[in-house]
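1. quick check, what structure comes out for this input:
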Amino acid sequence: MESERIVAKASGVEFESLFEPRPDAISDTARRTLRRWMQGHLDRPHPQLGRPGPVCPFTGPAIEKRLVWVGIVDGTDIDQDQMRTVVEDMVDIFPTLAPQDGAGSALRTTMAVFPDLTDYDMIDAVHQAGKDQFVEVGLMLGQFYPGCAEGGLWNSDFRPLDAPLPMLAVRQMVGTDYPFLVSRPNHLSAYLKQFAPAVPSMVRTDIAERIAS
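-> As a prediction, this is how the structure comes out:
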């Protein structure tokens, strides 16, 4: 898979491995910026993080195994419908990425980057509209852009989603995502379905509603 490019069916956006050592895969400014941010920030500790270790503990292993895929969407005229189409494409693309099981499957990451976008409210709007769809299938959709003010889990003054480029990122849901999903019954129910499959669905729903209420 590393040497391939995946062309999204609806949007036509090309996704390819960000850390594949092919000159044409890393030659443009957006990809260089993204690589520097991931290696120099996400894969490093931060004094305001509120816990030891790198900002994102999955970034280093994902880079090492070349499991980060990126699609660059150039242009200033993109609208919400077009962005939603790209996001829906990522729902379809993600399950096709290797490895599809085992420990490495949790390291896969797909990013749609919009380097020319200046209306960051659009990123937030599409993220909110699409999050339910991703959570339902065991995926997490994250929003990143310059100046994103959402606080961190361990320190509300830390800004983990502040990034040099506006983007939407997809990764596998993992057990430690519980704090991000506990506030909404449908999200918590999807989490329990993923990590407590032996619990009957009616019981999962009841648990989720009781905890999130």
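2. strands of this protein, start to end?
-> 5-7, 14-17, 68-72, 109-113, 139-144, 167-172 (DSSP state E).
3. closest one to residue 101 among those?
-> Closest approach to residue 101 among those (CB to CB): strand 167-172, 10.7 Å. Heads up, the C-betas are built off the backbone N, CA and C, glycines and all.
4. check which helices and strands the closest one sits against.
-> With contacts taken as 3 or more CB pairs under 8 Å, 6 or more residues apart in numbering; DSSP states H and E, strand 167-172 sits against helix 80-93, strand 109-113, helix 120-136, strand 139-144.
5. what does that strand contact?
-> Taking contacts as CB atoms under 8 Å, 6 or more residues apart in numbering, the residues outside strand 167-172 that touch it are 34, 58, 83, 86-87, 90-91, 94, 105-114, 123, 126-127, 130, 134, 138-145.
6. check stretch 12-22 too.
-> Taking CB under 8 Å, 6+ apart as the rule, stretch 12-22 contacts 1-8, 25-26, 31, 34-35, 38, 63, 66-73, 86, 89, 93, 110-112.
7. now, of those, which are buried?
-> 6, 8, 25-26, 31, 34-35, 38, 63, 66-73, 86, 89, 93, 110-112 (16 or more other CB atoms under 10 Å).
8. out of the helices and strands packed on strand 167-172, deepest packed?
-> strand 109-113 (a mean of 24; mean count of other CB atoms under 10 Å).
9. so how far is residue 99 from residue 135?
-> Look at residue 135 and residue 99: by CB to CB, to the nearest Å, they are 22 Å apart.
10. swap in residue 116?
-> With CB to CB as the criterion, residue 116 and residue 99 are 33 Å apart.
11. wait, isn't residue 164 in contact with residue 146?
-> Yes: in this structure residue 164 lies within contact range of residue 146 using CB atoms under 8 Å: 6.4 Å.
12. buried residues of stretch 38-48, list them for me.
-> Across stretch 38-48, burial judged by 16+ other CB under 10 Å covers 38, 41, 42, 43, 46.
13. residue 177: which of the residues you listed is nearest?
-> Using CB to CB, these come closest to residue 177 at residue 42, 16.6 Å.
14. perfect, I'm done here.
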